[in-house]
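Undergrad: model the structure of this input:
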Amino acid sequence: DFITELHTKLTKLQLEYAWLLEESQYVYQEHDPTFCYKYASPYLKIVLRSHQHNRIVPGSHQGAFDIKRKDIRRQLQNGHRRGPIMSRILAQLRFARRKQQQQQQSKTTMAAHAKS
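TA: Have a look, this model is predicted:
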């Protein structure tokens with residue numbers, strides 16, 4: 001199928017980077033370079049550290065990369081994870097993020113009640 005064909009056009013490094021970008025987005029609702037670096041393979045860390053991440057996906061592969069990212073986004077939303085380790089990490093990070101948001105919301109609510 002079309003997605004499988006795209007998968008074969010992209011390198012393992014590009015696929016890993018696509019997953020990290022989407023997992024970061026899934027957890028934080030934005031691209032978090034720290035997340036990508038922390039969970040990257042040793043080789044991808046070298047590339048990211050050398051600030052050559054814009055070279056990971058050359059222009060000729062950008063379309064395939066974007067389509068693959070959309071496919072990964074859909075997979076994440078449907079509960080698919082890269083493996084059991086990332087599944088656990090994503091669950092922990094999302095839980096911590098929700099807890100932090102709830103704490104901030106309750107502080108805001110208490111501050112609003114204190115003013116009135």
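
Undergrad: R73 contacts E22, correct?
TA: Yes: assessed by CB atoms under 8 Å, R73 is found in contact with E22 at 5.1 Å. Using the backbone N, CA and C atoms, a C-beta is placed for each residue, glycine as well.

Undergrad: of those two, who's got more company?
TA: Set side by side, R73 and E22 show more neighbours around E22, with 21 against 16, by other CB atoms under 10 Å.

Undergrad: so which strand or helix has the more buried one?
TA: Using DSSP states H and E, E22 sits within helix 12-28.

Undergrad: residues of that helix that come out buried?
TA: 14-27 (16 or more other CB atoms under 10 Å).

Undergrad: cool, stretch 36-51 as well?
TA: 36, 39-40, 44, 47-48.

Undergrad: which helices and strands sit right next to the helix holding E22?
TA: Where contact means 3 or more CB pairs under 8 Å, 6 or more residues apart in numbering; DSSP states H and E, helix 12-28 is packed against helix 33-38, helix 42-49, helix 62-77, helix 84-115.

Undergrad: contacts for stretch 89-102?
TA: With contact meaning CB atoms under 8 Å, 6 or more residues apart in numbering, stretch 89-102 is reached by 23, 26-28, 39, 81.

Undergrad: let's see that with 6 Å instead.
TA: For stretch 89-102, the external contacting residues (CB atoms under 6 Å, 6 or more residues apart in numbering) are V27.
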